[in-house]
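>>> Can you look at this prediction? I've put the sequence above it.
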Amino acid sequence: MTSQTPCLRRLQGAPQPKALLRLCLLAAGLLCGAVPAHSQTAQASPAPFVMGFDENAKVFGTNWSLRIYTEAFKRLGIPFEANFFPLARRAALVDEGAIDGDAARVHGYGAAHPNQVRVEESVMDFDFALFTASPTLRLDRIEDLPGSGLLAEYRRGILLCENKLKSLLPPERLSDVTSEQQGLKKLLAKRTDVYCELESVVKQALASPELKDATGIRKAFNIGHLQTYPYLHKKRADLAPRLAATLKQMKAEGLIEAFRLEAEKDLGWRQ
């Protein structure tokens, strides 16, 4: 026979006072309804992961990385929210934990930001290259530059270009400019022979209104490579290895490169 509570066993015997009867019925109802009520409690949805991006949502890096992170967090099963900030503001917000992560920083960035954790898989890689407008110029490597007699230029602040060119060329054959448009226009005017810049920056400049009709500028060869990484506030450090594994898998599938080409096409860049 099924076991019964003492209260129910007493109900099977002599008549009980009405107050006791009501108490026993109430207890029985609570016991019977407790499990179904608990099982029907809806679980709250997880809060979205808030990632900080460049304040200009239309630049190449943001366009490309948004595609990457949208897919990555979909695979992780975590709601994702993109917010856009100036560079310094973005750094401060992640340091404070006001937002959860920064979309892309260089490998050594974390040394100055102890509250942030680097995801150990790069998210976007960029190439530095020498560009020329000369159809006859033939150089295969940067080590050939010293004996070529060519005039070289770089954009001020691009340290990889500056350091490499200064180590190879005398001051009279090397100059700098303040903008990529200026550097490319000097190539077209034959005032310089080669210009050092990030390849993505040159592509973006050639799609701008002032240079969209320019022809003849081409890449001579790559001279360097830059990898950028996601950084997360330390409170989300547990997510870092999972995000790294997801990005690695997306690379193996060719998705990171496919998203790059989609971003370039979306911005109207020359292929």
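Nice, thanks for sending it over.

>>> which stretches of this structure form helices?
6-11, 18-39, 60-76, 87-96, 159-166, 180-188, 199-206, 240-252, 255-266 (DSSP state H).

>>> who touches the closest residue to Asp176 other than its chain neighbours in this structure?
Excluding the flanking residues, the one nearest Asp176 by Cβ to Cβ, 6 or more residues apart in numbering is Arg156, at 4.7 Å. Where you see a C-beta, it was placed from the backbone N, CA and C, and this is true even at glycine. Residues in contact with Arg156 (Cβ atoms under 8 Å, 6 or more residues apart in numbering) are Glu162, Asp176, Val177, Thr178.

>>> Let me have the helices of the chain in JSON lines, extended by mean pLDDT, mean neighbour count and distance to Leu145.
JSON lines is the format used below for the helices of the chain (pLDDT from 0 to 100; neighbours: other Cβ atoms under 10 Å; distance: least, Cβ to Cβ, whole Å):
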{"stretch": "helix 6-11", "mean pLDDT": "44", "mean neighbour count": "13", "distance to Leu145": "95"}
{"stretch": "helix 18-39", "mean pLDDT": "47", "mean neighbour count": "11", "distance to Leu145": "73"}
{"stretch": "helix 60-76", "mean pLDDT": "97", "mean neighbour count": "19", "distance to Leu145": "28"}
{"stretch": "helix 87-96", "mean pLDDT": "96", "mean neighbour count": "16", "distance to Leu145": "32"}
{"stretch": "helix 159-166", "mean pLDDT": "96", "mean neighbour count": "16", "distance to Leu145": "8"}
{"stretch": "helix 180-188", "mean pLDDT": "97", "mean neighbour count": "19", "distance to Leu145": "15"}
{"stretch": "helix 199-206", "mean pLDDT": "94", "mean neighbour count": "20", "distance to Leu145": "18"}
{"stretch": "helix 240-252", "mean pLDDT": "98", "mean neighbour count": "17", "distance to Leu145": "32"}
{"stretch": "helix 255-266", "mean pLDDT": "96", "mean neighbour count": "16", "distance to Leu145": "28"}
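
>>> between these, which one is nearest to Arg118?
Checking the helices of the chain against Arg118 by Cβ to Cβ gives helix 240-252 as the closest, at 7.5 Å.

>>> how much space is there between Ser179 and Lys251?
33 Å (Cβ to Cβ, to the nearest Å).

>>> typed the wrong thing, it's Lys186
For Lys186 relative to Lys251 (Cβ to Cβ), the value is 37 Å.

>>> In PyMOL, select just the buried ones from the contacts of Arg156.
Applied in PyMOL, the following selects the buried portion of the contacts of Arg156 according to 16 or more other Cβ atoms under 10 Å:
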select buried, resi 162+176+177
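
>>> Identify the farthest-apart pair in the contacts of Arg156.
Longest distance between any two of the contacts of Arg156 is 13.2 Å, between Glu162 and Thr178; criterion Cβ to Cβ.

>>> Report the contact partners of Phe49.
Phe73, Ile78, Pro79, Phe80, Glu81, Asp100, Gly101, Arg236, Leu239.

>>> Just name the closest of the residues you listed to Ala47, please.
For the contacts of Phe49, the nearest to Ala47 is Pro79 (7.3 Å; Cβ to Cβ).

>>> pretty sure the closest one contacts Tyr69?
No: when contacts are counted by Cβ atoms under 8 Å, Pro79 is not listed as touching Tyr69 (12.0 Å).

>>> Please determine how far Thr192 is located from Arg156.
The span separating Thr192 from Arg156 equals 14 Å under the rule Cβ to Cβ.

>>> now swap in Lys186 and tell me
14 Å.

>>> Show me whatever sits in contact with both of the two.
Val177.

>>> I'm done for today, thanks for sticking with me.
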